[in-house]
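J.: model the following, please.
(one chain, ligands or ions: 2)
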Amino acid sequence: MKVLVIGGGAREHALCRSLSLDPDVTALHCAPGNAGIGEVAQLHPVDAMDGAAVALLATELAAELVVVGPEAPLVAGVADAVRAAGIPCFGPSREAAELEGSKAFAKEVMAAAEVPTARSYVCTTPEEIDEALDAFGAPYVVKDDGLAAGKGVVVTDDLAAAREHALACGRVVIEEFLDGPEVSLFAITDGETVLPLTPAQDFKRALDGDAGPNTGGMGAYSPLPWADPKMVDHVMANVLQPTVDELRRRGTPFSGLLYAGLAITSRGVRVIEFNARFGDPETQVVLARLQTPLAGVLLNAAQGTLDVQLPLRWRDDAAVTVVVASHNYPDTPRTGDPIEGLDEVAAKDAPHAYVLHAGTRREGGAVVSAGGRVLSVTATGKDLAQARERAYTAVARIRLDGSQHRTDIARKAAGE
Ligand code: AMP
Ligand code: GLY
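T.: Ligands and ions are numbered 1, 2, ... in the order given. Below is the predicted model:
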């Protein structure tokens, strides 16, 4: 199978790595990719946001499957353009991707499907904003309605800060605060059949101890030893299947990856958000544990034949990923710094630990930083403690001036 992956982050590197290990994949391409993806796939300098250009590239390559990684191209309709060219595409249509593209739309779908989520108001005027903030009280949860790369959400006890963010958003969702641990549960779906993956936990805040600003995610681990083993079945029955059924009922079936961001509250599981694509960095740990070859599963979803898919197989291994971010991430990350130590990780830590590139590019013989989240070091082990140790050993070999990473990824779950 010839496969084209669209995107260029660590999630796409993880996808390309898994696809490159799949014996069914005969050719692997990526656009635009990054320095690390270039080692496992052929790169093409095509704009991921340009549906016509992506469809043309897929046609020229005779791709038999296109996998669209990030949310922005999905919300822009890139998957529709690929399908219109007659090529199976893993990723939802523009209309179905609104589940991530508009938080207000997601709330409306959840209400119709009776999916448990935080109570919320959609506000557009200063009066509505003040009323909603007053109704819920602190801590305030204020979400930009549209896509904001993980930075549109402010959770704060400070009323003035909550108000300021809300006013800056235009259309804004203000909602009830959910406490309790968070879980990311992904499901692959063809619009009808839903196949859950293994749960993971993400670390959204920039600094140790969940301090600092929200980011796109600073690390992740899987499995979750503390979680109720029945949780996945419960979320399937109460969240994932009803949401997929509701979108199909509306005539806008969701096929691709449905990501449920969940809070495990004292009153039960609640949806914090939906995403319309694989999560980053959770994908790095979920795919590290997936034993079933990936391409066939994604193709079945893309072709509407997920009902024939055999159950997924998972390794007993645990996986931990630690994101290395550039100086000043998430505010105004500095780029263009050389990254050293990548060869050392490959020589000394593989195959148990490896580097997945995010914001990197090649400059002459060197690899330099090219984004906020620069790379994620992923490691597996017999348990979380061993995976953690291997991940941090590899992180310590990487030298990037001014870089930052959290030191407490999976610490609590590993019982340390
Ligand atoms: P989102 O972009 O919706 O995932 O929000 C980013 C992060 O903000 C989440 O991972 C949570 O940590 C936090 N958050 C979002 N909504 C809520 C909520 N209703 N209550 C508490 N924390 C929230
Ligand atoms: N890790 C959070 C996200 O992918 O949105």
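J.: and the most centrally placed residue in the chain, what does it touch?
T.: Nearest to the geometric centre of the chain sits residue 279, at 1.1 Å (Cα atoms, centre = their mean). When contacts are counted by Cβ atoms under 8 Å, 6 or more residues apart in numbering, residue 279 touches 11, 184, 186, 200, 202, 217, 220, 259, 261. The way it works is simple: take the backbone N, C-alpha and C, and place the C-beta from them, glycine included.
J.: any chance of those residues in CSV, plus pLDDT?
T.: Formatted as CSV, the contacts of residue 279 follow (pLDDT from 0 to 100):
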residue, pLDDT
11, 98
184, 98
186, 98
200, 98
202, 97
217, 94
220, 98
259, 98
261, 97
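J.: low-confidence ranges in this protein?
T.: Along the chain, the model assigns pLDDT under 70 to residues 148-151.
J.: enumerate the residues of it near ligand 1.
T.: The chain has residues 118, 141, 143, 150, 153, 155, 175-178, 182, 204, 214, 261, 272-273 near ligand 1, with proximity defined as Cβ under 6 Å from any ligand atom.
J.: in these, find the pair that's most separated.
T.: The distance between the two most remote of those (Cβ to Cβ) is 20.5 Å, for 150 and 176.
J.: tell me how far the residue nearest to the centre of the chain lies from residue 60.
T.: 31 Å (Cβ to Cβ, to the nearest Å).
J.: got the residue ranges for the helices in this structure?
T.: Applying DSSP state H to the chain gives helices spanning 10-20, 51-60, 71-75, 78-84, 98-101, 103-113, 126-136, 159-169, 231-235, 241-249, 282-289, 294-303, 342-348, 384-397.
J.: now for the fifth one, which elements pack on it?
T.: Spelled out, that is helix 98-101. helix 71-75, helix 103-113, strand 268-275 (3 or more Cβ pairs under 8 Å, 6 or more residues apart in numbering; DSSP states H and E).
J.: who's in contact with stretch 260-275?
T.: Applying Cβ under 8 Å, 6+ apart, the external contacts of stretch 260-275 come out as 71, 99-100, 103, 106, 110, 115-118, 178-187, 227, 231, 234-235, 238-240, 243, 258-259, 279.
J.: mark which of these are buried, thanks.
T.: The neighbour-count test (16 or more other Cβ atoms under 10 Å) marks 71, 99-100, 103, 106, 110, 115-118, 178, 183-187, 227, 231, 235, 238-240, 243, 258-259, 279 as buried among these.
J.: quick check: residues of the stretch 251-400 of the chain near ligand 2?
T.: 275, 279-280, 282.
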